[in-house]
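Novice: A predicted structure for the sequence below; I have some questions about it.
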Amino acid sequence: MHKAYSVQSILKQGVQIEAIAAYGNHVILGTRSGQLIMYSVDEKTGVDMRMFNKNFSKKPITQMEVVAVENLLFVLTDNMIHVCDISRIENNFEFMHSSADTKGCTLFTMDVDTRKSTTGELATFIRIGCAINKRIVFFFWKKDKLASLELAIELIDVPRAISWVNQTVCVGYKHQYVIYNISCTPPKMHELIPTSSTISQDPNICLIRKNMLGISKDNYLMLIDPSQYKAKEGSADGGMNNKTTPTMWTSPLLGLVWDEPYAIGRIKNAIEIRSLVRKDTLVQSLPELKNTRFLVRSDKGTIFAAASSELWCIRMEISEEEINDKAQTIRQIHMLYAKELFTNKEFSAAMKEFEKAAIDPYDVIRLFPSLVPEPKNSVEDATVPTSTVPKLEDHDLENAYMALIEFLAQARQREVVKLLDTKSSSKALLEIIDTTLLKCYLQTNDALVAPLLRLNQCHLEESERLLKKHNKLSELIILYDGKGKHKKALTLLREQANVEGSVLQGLQRTIGYLQALGAENLPLIFEFADWVLTEDPIEGLTIFTEELLAVEALPRAKVLDFLVSKYKNLVIPYLEHIIDVWDDTNTLRHNALIKEYSKEVQRQLAEQKNGEENTKLKPLRAKLYKMLDESQHYSPDRVLQDFPTTMLLEERALILGRLKMHEKVLAIYIQVLGDVTKARTYAEANYEQDNDVFNKLLEIILKPMQQPPYEGVSMHPDFVKPNIKVALELLNAYTVKIEPVKILEYLPGDMAIHELKNYLETVIRTDLAEEHQRKIMMGLLQSEATRLQTAIDIERKKCFELNESTVCPECKKRFANQTAFVRYPNGQVVHLSCYDRCLAASQQ
C-alpha cells in the first residue's frame, strides 16, 4: 500500500446534500430543500462559493449531470429533467429548459460524444436516457431543449441503476444486471449476473476506461465489455464468456468511480482505492471517509465525496518515482521519433523532438562526426545511437547544419540561464556548443561568426585552428580579444599591417585594439604603441587621446613619462589634449606644458636669430602667453625657476604678476618693454588688492633704476630718464588713485607748477568734495541721533499698571508675582511664554 490520494475537507455541517456533480475544480451540490450550490475548490486559494440558487425547486434534487464542454447542467428534481446554463456565474444556474416528456423520471443516464458535424466543425452530441416507470425513454439535446429520439426500452422491472456506453445500456435491477443493445430494433436484452447471491444489495454500475463496465456483486467488482453484446441474441448465459477476473473488496460496494488507473469504491465505514491489474489490488484505504453517500469524479486525479452534510475533495498524489518514470518514457519516445525523423532527413522536425526530449546537446552533435571535438561520455541516460545515421552531403548537409544551428542556439540560451541561476563556474558544455556553432557558421553563414565570437565561450585552440584555416583573421582578433590573449592579437595585427590586401592592413585596427585595452594592460599598450608611433606619430597619439572612457582613464603620469622618454615631439600635443579637451587640472602637468612651451619657443627663437624662417613661433608663443594668463592650475614660483631671464620677459611678467611682485612686473613693462598701456592695464587690474600700485608705477617712471632688472637685458630708451610726459598723463588719468603726498617727493625739482595744474585742481576739488560730504553726513547722523533720543524719552515716560486682577488676553490667566511679560505697542500685556508661542505659530 502507498498514499495515492490525499483528502481535503471542504464543507462541514452545511446543507442536506441529496445529489452531487462535478467538473474541473468545481463541485455542484443539490440539496433536500431544492437548492443548487456551486463551490470552486483550489489547493492554494481554498474554497469559494461561485453560484447559489435558493429556490431552484420545491422538491429535493435527486440526480445531476454536467456537460462541461457545453456549460450545461442536467438536474432531476420532482421526477422531471431540468436544464441550466452554468456559463455565467452572476446568473446563478440560469434556467433554460424543463421537459414535460420526462415527467415521472426516477433516474437518467447520458451519452456525450464530440465529433465532426456535417459542416466539418466539431460538435457535441448529447443523448439522455430517462427511466420512467418500467421504461427507458431516449432524448437528445437540440439547441436549447430536449427532443425525442423516438426510441424506448421496455424493462422487466423498475431500474435501480443505469449506464449508457456507445450503443448499449446496462441496467441494474434489484436482483440482476442486464444489458440492452439499442442498435437493434427493438433493443435486445442480454442477461449478465445476479446483483447478489447472499445479501440484499443495490446495484452499482461504473464506466471504466471509457468502454468497459464495472458492476458489483457482493464483495466483488466484475468487468464487462459491452461491445461483446452488440451482435448477440439475448440468452441466459450471454455475458458469462467475457467476464474478467473479479476484484475483491473488503465489504460490498455502495458506490464506485473510475480514476485511471484506480477504481475508487465506497464501502461500509471507508473508501478504498484499488488497482485492477496488480496482484495485491488494495492501494489505499480512507477510513476517515466512513459516512459518505455520494462519490463523483471531476477531472483526472480529482474526486469529490459527500455525506449528508459534509463534503470532501480527494486528490491524486503522484510519487516522484512515478513522475521520473513517466518523464523518462516520454523522453525515450521523443528521442526515438527524433532519430527516425533525422534518418528520413527531416532535420528541423528532428531537432524539435530532440529539444522536447531534453537531450544532451553533445549527443545531437555526435550525429555530425565532422563536428565532434573530442570523445565524451554523456551524463544522460538517453543517448542517440549514431551507427545508423545517414551520411549527409551537399544540400542535405547544409539543411542539417541549419537545423542544428537553431537547436544549439536554444540550447545555449538554456545553458547560460542555468549557469546564472546556479552560479556555476563549469562552462564545458557551453564551450562545446559555441565551438560547434562556429563550425556550422563557417560552413553556412560566416557573417554570424563575429557575433558568436563576441560571446566567446569557444574552445581557444580549436577555434584558432578553424579561423586560420578559413583565413578569418578579423574574427581571429575577436577570439583573441575575448579570451584575453591580447599579445597574440597585437602580434598578428603588427604582422598583417603591411600585408597588401589583408583585412588587417594599416594602423587603425591596432590603434583601436590598443585604445580598448584599458589601464590594466598599460605595459602591453606601451610595447605595441611603439611601432605605431614610429610609423605615424600623429595617428599613433590617438592611442592616448581618443574620446573613449578606457583611453581617458589611462594613468596620465605614466603615459607622459613614456612620451617624454621616447617621443618628445608628442609631449606638447598630448598635454594640450588632456588640459584643453579633458580639462585636466593637475598642477604638475600644467607646469610641464608651460615648460615644454618655453623650451620650444626658446629653440625657435634661436633658429630665428640664426636667420631661419619660422612660421610656428608666433602661434606657439601665443599659446604660452594664453596658458600663463588664463590657467589657474600651474605653480608660478615653480615655473619661474625654469623660466629664462634674458628673453620671454612679457611672459615672465605674467608669472611675476601671479606672485604679486608688482614692482618687478611694472619694471619689465616700463623699463624693458616700454609698454605703458600694459603697465596701466596691470595697475588697474591689481588696484583693488593693492592701492599703492599706481604710486609704484609713477615711482618707476619718475625715478628709473640705473641698471636693468635682469642682467643681459637692455633698457628701453624712453625710460632711461624720468618721463615727465607719461607721468603727467597718468596723474591726470588716475588722480583719485594716486596719493598726492607720496607722489610729490618723486617729482623733479625743476618741474613747472603749471604742468601740475590739472592734477592739483582735481586733487583739491576731490578733497573738498569729500570734506563736504563728511560734514553733511555728520549733520544727518546728529539729527537722527537727536530724533531717536527724543523717541526713547517719550517711551520711557509711558507707564501702565499690572496688578493681581490683570488678565493675559492670550491664555486668560492672571499675572503672578515676578512673572516675565511682554507689552505690545497697542498697550496689551501678555505673558512672555504666550508671546513666544504666538510668535512661533506665526512663523510656521
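Specialist: Noted; the coordinates are in hand.

Novice: can you report how many residues lie near residue 780?
Specialist: Look at residue 780: counted by other CB atoms under 10 Å, it has 10 neighbours. Every C-beta, even on glycine, is put in place using the N, C-alpha and C of the backbone.

Novice: what about it, helix or strand, and which?
Specialist: For residue 780, the host element (DSSP states H and E) is helix 757-797.

Novice: elements contacting that helix?
Specialist: When contacts are defined as 3 or more CB pairs under 8 Å, 6 or more residues apart in numbering; DSSP states H and E, helix 757-797 packs onto helix 724-733, helix 740-744.

Novice: single out the most deeply packed of these.
Specialist: Mean neighbour count (mean count of other CB atoms under 10 Å) peaks for helix 724-733 among the helices and strands packed on helix 757-797, with a mean of 17.

Novice: mind listing residues that contact that one?
Specialist: 676, 680, 694, 697-698, 701-702, 718, 738, 743, 747-748, 751, 755-756, 758-759, 762 (CB atoms under 8 Å, 6 or more residues apart in numbering).

Novice: return the subset of those residues lying in helices.
Specialist: Judged by DSSP state H, the subset of those located in helices is 676, 680, 694, 697-698, 701-702, 743, 758-759, 762.

Novice: let's have the residues you listed in TSV, adding pLDDT and distance to residue 226.
Specialist: As requested, these are exported to TSV (pLDDT from 0 to 100; distance: CB to CB, whole Å):
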residue	pLDDT	distance to residue 226
676	91	129
680	92	125
694	89	128
697	89	129
698	88	134
701	87	135
702	85	139
743	76	137
758	79	139
759	77	138
762	79	135
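
Novice: just the closest of those to residue 109, please.
Specialist: Closest approach to residue 109 among the ones in helices among the contacts of helix 724-733 (CB to CB): residue 680, at 121.5 Å.

Novice: what about the closest one, how many neighbours?
Specialist: Using other CB under 10 Å, residue 680 is surrounded by 19 other residues.

Novice: where does the stretch 651-800 of the chain dip in pLDDT?
Specialist: Applying pLDDT under 70 to the stretch 651-800 of the chain picks out residues 749-750.

Novice: thinking again about what came up before, only whichever of the contacts of helix 724-733 are buried, select them in PyMOL.
Specialist: Here is the PyMOL command that selects the buried residues among those (16 or more other CB atoms under 10 Å):
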select buried, resi 676+680+694+697+698+701+702+738+743+747+756+759
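
Novice: does anything pack onto the helix or strand bottoming out on mean pLDDT in the chain? Which helices or strands?
Specialist: Among the helical and strand segments of the chain, the one scoring lowest on mean pLDDT, DSSP states H and E is helix 740-744, with a mean of 77. The contact analysis (3+ CB pairs under 8 Å, 6+ apart) places helix 740-744 against helix 693-702, helix 757-797.

Novice: most tightly surrounded among these?
Specialist: Neighbour counts (mean count of other CB under 10 Å) averaged over each of the helices and strands packed on helix 740-744 peak at helix 693-702, with a mean of 22.

Novice: can you list contacts of it?
Specialist: Helix 693-702 is contacted from outside by 662-663, 666-667, 670-671, 679-680, 682-683, 686-687, 719, 722-724, 726-727, 730-731, 734, 737-739, 742-743, 746-748, using CB under 8 Å, 6+ apart.

Novice: quick one: low-confidence parts of the chain?
Specialist: 1, 13, 231-244, 278, 319-322, 373-389, 422-426, 749-750.
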